[in-house]
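Novice: Mind looking at a prediction? Sequence and model below.
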Amino acid sequence: MIPEIGHFALILCLALSIVQGVLPLVGAAKGNRALMAVARPAAMANAFFGTVAIGSLAYSFYISDFTVLNVANNSNTLLPWFYKIAATWGSHEGSILFWAVTLSWWGAAVVCCARRLPTEMVARVTGVLGLVGMGFLLFMLLTSNPFVRLFPAPLEGGDLNPLLQDPGMVFHPPLLYLGYVGFAVPFAFAIAALISGRLDAAWARWMRPWTTAAWVLLTLGISLGSYWSYYELGWGGWWFWDPVENSSFMPWLTGTALIHSLAVTEKRGCFRVWTVLLAILTFSLSLLGTFLVRSGVLTSVHAFATDPERGLFILAFLIIVIGASFLLFAWRAPTVGLGGNFSLISRESMLLVNNVLLVVAMGAVLLGTLYPLFLDALNAGKISVGPPYFDAVFGPLMLPCVFLMGVGPLARWKDTDLVDLMKRIAWCFIAAIVCGAGIPILMGEFGHWVFLGVTSATFVFFAVIETFRQQIHNLKGNIVARLFRLPRALWGMQLAHIGVAVFIVGVALVKGYQAERDVRMYPGETVTVAGYTFTFNGVETVPGPNYTADRGDFTLSYGGKELQHLYPEKRKYFSSSNSMPMTEAAIRHSLTGDVYVSLGTPTADGGWVVRAYSKPYVTWIWWGTIIMSIGGLWAASDRRYRRRKAKKGEEGKIGE
């Protein structure tokens, strides 16, 4: 009965998406307020029945209803309940359902939080979201129905991929989807603006909090996925340039550019074409990522589908949505006004260069991700594009981007005196060079990339201090009162920039000073890595809820002082079709870095292959992303984003 309810709810969602996608757009075109008013109840009902559908599937997993094919293939009675819930979006069918339901939630959020927006804008935005949702619901019901029944039902089900049986799997995909799909909202605002002809400061202000919210969620999702890979895959890497990782990273790059472009559009009325283009491009990359992951063209621990027929459906949908969007852009973009003028040395120029660098970096990642697939599709051979390519191309592009991140907020709008700007940033640059040279010396080894990384990161930090000093210079009161009087948007922006600086320090130091040993060990033997001594005490077999594990026991000490015991595991899952044991690393976390040990394979003479690592300051990578996200949330909560009417002088139409 529960699966039938879920299936019926999906059919209702499809019907509501058609209503939401067609009637409000027709109403906005004809000025019919009755048709436009349909947008709000349709979007709310769509979200409600979508929640019913995903709840029905989750409950089917929870009770192990093996009459549902999806449940029988991806769960079993031994699976802990929280992994059963996570299996809801761990399968291909469930992930597509979650994608569609997430889109309906975003649509409901727009109509709930956008009551201050003009009715025509709300109707067009929700209409576009309805049309996108309709495409995904059709794809799901025709090729990937999560409620297909199985009779007779098996007594026991299959299993969730053991790599995904981890607490990170419970939170990583939902966050990633919320961010991934969330960029549909700025996309809808961009299409609505092109249709209506209204691209002004008020439009940019309405769009900014939605863009920032999606960016924050995507940042957290990518960060959690990185951390999950770090401790789950057993060899201490935090970013692999995996094609599926790249699929979420590319819209993050263009989404970052979009946030900065919106700032200029709102403040100065410039970059209108850039802003619309970036909104379309970011969501297009989200759809491209969906195609790559769901089509079966990729092999990855993250990829779900292996059915090319599904991929053809998604590819057709991708071509229709992206093609129609860019055709509309090509038709309307030439009539968009250029906005205010600005000089070569100005905040606008720096933000423009910053955006170009981010888009070029995205293009480099896109090339490295798709080029091997094109060669394979043309039977021109198989090649692998890995970290050496990405590190060599991506790093140099980001260095000037980070420099502009520090200088940009110190520059003035329209025109900046170069000599005055250099005077204000001189102390930041000198202090950054001192830190960049001093920290490697304190670490005991000088490295050029460490110097560049630490220098650029500390330059951003000192530039943030200088920005605050400049902002409060003319305010009255004590320093604390003046700081609290600054707008949330400024605080959020600077906090996000500090997060980037913390992230860069973590990357620079872990890449420059990580140490590892891959050795064969026997009970009683020791190995030393970066001053840490690992004493191997042996291995015992321990039971788990749906697996058995060989658990190692290591005594970790430093300078002759025992710190703690570490217990890495090698797990074998009962119901898994994958006969390979899964690695569970043991990690000692600290503010200054991690000590990491994992078990490899046993040897015939009673020994074990052991991997031991020292990862200095690696946790700063994820702390940096958390700080970025907090900054984004703080900026999105700025009061001015809740204003309905544009201030005098903000109004602007296409062709202005």
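Specialist: Arrived safely, thanks for sending.
Novice: ok, how many other residues are close to residue 592?
Specialist: The tally of other residues near residue 592 (other CB atoms under 10 Å) stands at 11. Just so you know, the C-beta spots here come from the backbone N, C-alpha and C atoms, and that holds for glycine as well.
Novice: ok, now which ones touch it?
Specialist: 616, 617 (CB atoms under 8 Å, 6 or more residues apart in numbering).
Novice: And it, how far from residue 510?
Specialist: Between residue 592 and residue 510 the computed distance is 11 Å (CB to CB, to the nearest Å).
Novice: Same check on residue 366?
Specialist: Look at residue 366 and residue 510: by CB to CB, they are 26 Å apart.
Novice: So for the two, which sits in the more crowded spot?
Specialist: Comparing residue 366 with residue 510 by other CB under 10 Å, the one with more neighbours is residue 510, at 21 against 16.
Novice: Name the nearest residue to the more buried one, ignoring sequence neighbours.
Specialist: Spatial nearest neighbour of residue 510, excluding adjacent residues (CB to CB, 6 or more residues apart in numbering): residue 618 at 4.5 Å.
Novice: Repeat that for residue 33.
Specialist: Excluding the flanking residues, the one nearest residue 33 by CB to CB, 6+ apart is residue 119, at 6.5 Å.
Novice: same question, residue 32
Specialist: Nearest non-adjacent residue to residue 32 (CB to CB, 6+ apart): residue 26, at 7.3 Å.
Novice: pretty sure residue 159 contacts residue 83?
Specialist: No - taking contacts as CB atoms under 8 Å, residue 159 lies outside contact range of residue 83: 9.7 Å.
Novice: mind listing what's buried in stretch 155-167?
Specialist: Judged by neighbour count using 16 or more other CB atoms under 10 Å, the buried positions of stretch 155-167 are 157, 158, 159, 160, 161, 162, 163, 164, 165, 166.
Novice: hang on, the earlier thing: now for the residue nearest to residue 510: which residues touch it?
Specialist: Contacts for residue 618 (CB under 8 Å, 6+ apart) come out as 230, 238, 506, 510, 514, 593, 594.
Novice: Give the helix, strand or coil label for the first one.
Specialist: Assigned state for residue 230: helix (three-state reduction, DSSP: H, G, I helix; E, B strand; the rest coil).
Novice: Over to the closest residue in space to it that isn't next to it in sequence. Which of the three states is it?
Specialist: In this structure, residue 230 finds its nearest non-sequential neighbour in residue 238, 4.5 Å apart by CB to CB, 6+ apart. Three states are possible here, and by three-state DSSP the one that applies to residue 238 is coil.
Novice: Residue 413 too?
Specialist: Classification of residue 413 by three-state DSSP places it in coil.
Novice: Got the confidence number for it?
Specialist: Confidence at residue 413, expressed as pLDDT, is 88.
Novice: residues contacting the residue nearest to it when sequence neighbours are not counted?
Specialist: Closest residue in space to residue 413, ignoring its immediate chain neighbours: residue 347 at 5.2 Å, by CB to CB, 6+ apart. With contact taken as CB under 8 Å, 6+ apart, residue 347 is in contact with 264, 408, 409, 411, 412, 413, 416.
Novice: Quick check, the last one in contact with residue 345.
Specialist: Yes - when contacts are counted by CB under 8 Å, residue 416 is listed as touching residue 345 (4.9 Å).
Novice: in which helix or strand would I find the most centrally placed residue in the chain?
Specialist: Central residue of the chain (CA atoms, centre = their mean): residue 218, 2.8 Å from the mean position. Here residue 218 is covered by helix 201-232, with elements defined by DSSP states H and E.
Novice: try residue 519
Specialist: Residue 519 belongs to strand 515-521 when assigned by DSSP H and E.
Novice: Next, the buried residues of the following helix or strand past that strand.
Specialist: Using DSSP H and E, the helix or strand that follows strand 515-521 towards the C-terminus is strand 526-529. The neighbour-count criterion (16+ other CB under 10 Å) identifies 527, 529 as the buried residues of strand 526-529.
Novice: what's the closest non-adjacent residue to residue 572?
Specialist: residue 581 (4.9 Å).
Novice: Share the number of residues neighbouring the one you found, please.
Specialist: Close neighbours of residue 581, defined as other CB under 10 Å, add up to 20.
Novice: my read: it touches residue 570, true?
Specialist: Yes - assessed by CB under 8 Å, residue 581 is found in contact with residue 570 at 4.6 Å.
Novice: Give me the common contacts of these two.
Specialist: Shared contacts of residue 581 and residue 570, defined by CB under 8 Å, 6+ apart, are found at residue 550.
Novice: In a strand, residue 596, correct?
Specialist: Yes - the secondary structure assignment for residue 596 places it in a strand, going by three-state DSSP.
Novice: Report the contact partners of it.
Specialist: The contact partners of residue 596, taken as CB under 8 Å, 6+ apart, are 236, 585, 586, 587, 588, 612, 613, 614, 615.
Novice: Scan the residues you listed and report the most crowded one.
Specialist: Neighbour count (other CB under 10 Å) singles out residue 612 as the most crowded of the contacts of residue 596, with 27 neighbours.
Novice: Mind giving me the packing neighbours of the helix or strand that contains it?
Specialist: Secondary structure assignment for residue 612, by DSSP H and E: strand 608-616. When contacts are defined as 3 or more CB pairs under 8 Å, 6 or more residues apart in numbering; DSSP states H and E, strand 608-616 packs onto helix 488-513, strand 515-521, strand 526-529, strand 532-543, strand 593-602.
Novice: Tabulate these in JSON lines, adding columns for distance to residue 321 and mean pLDDT.
Specialist: Putting the helices and strands packed on strand 608-616 into JSON lines (distance: least, CB to CB, whole Å; pLDDT from 0 to 100) gives the following:
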{"stretch": "helix 488-513", "distance to residue 321": "30", "mean pLDDT": "94"}
{"stretch": "strand 515-521", "distance to residue 321": "45", "mean pLDDT": "93"}
{"stretch": "strand 526-529", "distance to residue 321": "50", "mean pLDDT": "94"}
{"stretch": "strand 532-543", "distance to residue 321": "50", "mean pLDDT": "94"}
{"stretch": "strand 593-602", "distance to residue 321": "42", "mean pLDDT": "92"}
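Novice: Reformat those into JSON lines and put distance to residue 129 next to each item.
Specialist: Conversion of these to JSON lines gives the following (distance: least, CB to CB, whole Å):
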{"stretch": "helix 488-513", "distance to residue 129": "26"}
{"stretch": "strand 515-521", "distance to residue 129": "47"}
{"stretch": "strand 526-529", "distance to residue 129": "52"}
{"stretch": "strand 532-543", "distance to residue 129": "48"}
{"stretch": "strand 593-602", "distance to residue 129": "42"}
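Novice: Nearest to residue 112 among the ones you listed would be which one?
Specialist: Among these, helix 488-513 comes nearest to residue 112, with 21.2 Å by CB to CB.
Novice: which helices and strands does the helix holding residue 218 pack with?
Specialist: If you count contacts as 3+ CB pairs under 8 Å, 6+ apart, helix 201-232 packs onto helix 167-182, helix 184-196, helix 243-268, helix 272-294, helix 619-636.
Novice: as a whole number, average confidence for the fourth one?
Specialist: Here the mean pLDDT over helix 272-294 is 89, rounded to a whole number.
Novice: Kindly report the same for the third one.
Specialist: Model confidence over helix 243-268, given as mean pLDDT, is 91.
Novice: circling back to that earlier point, which residues touch the residue nearest to residue 572?
Specialist: Applying CB under 8 Å, 6+ apart, we find residue 581 in contact with 550, 570, 571, 572.
Novice: Of these, which is the nearest to residue 285?
Specialist: For residue 285, the nearest member of the contacts of residue 581 is residue 571. The distance, counting by CB to CB, is 35.7 Å.
Novice: now the helix or strand harbouring the closest one and strand 532-543, what's the angle there?
Specialist: Taking DSSP H and E as the criterion, the element that holds residue 571 is strand 569-573. For strand 569-573 against strand 532-543, the angle between stretch directions is 20 degrees (axes from the mean of the first three to the mean of the last three CA atoms, to 10 degrees).
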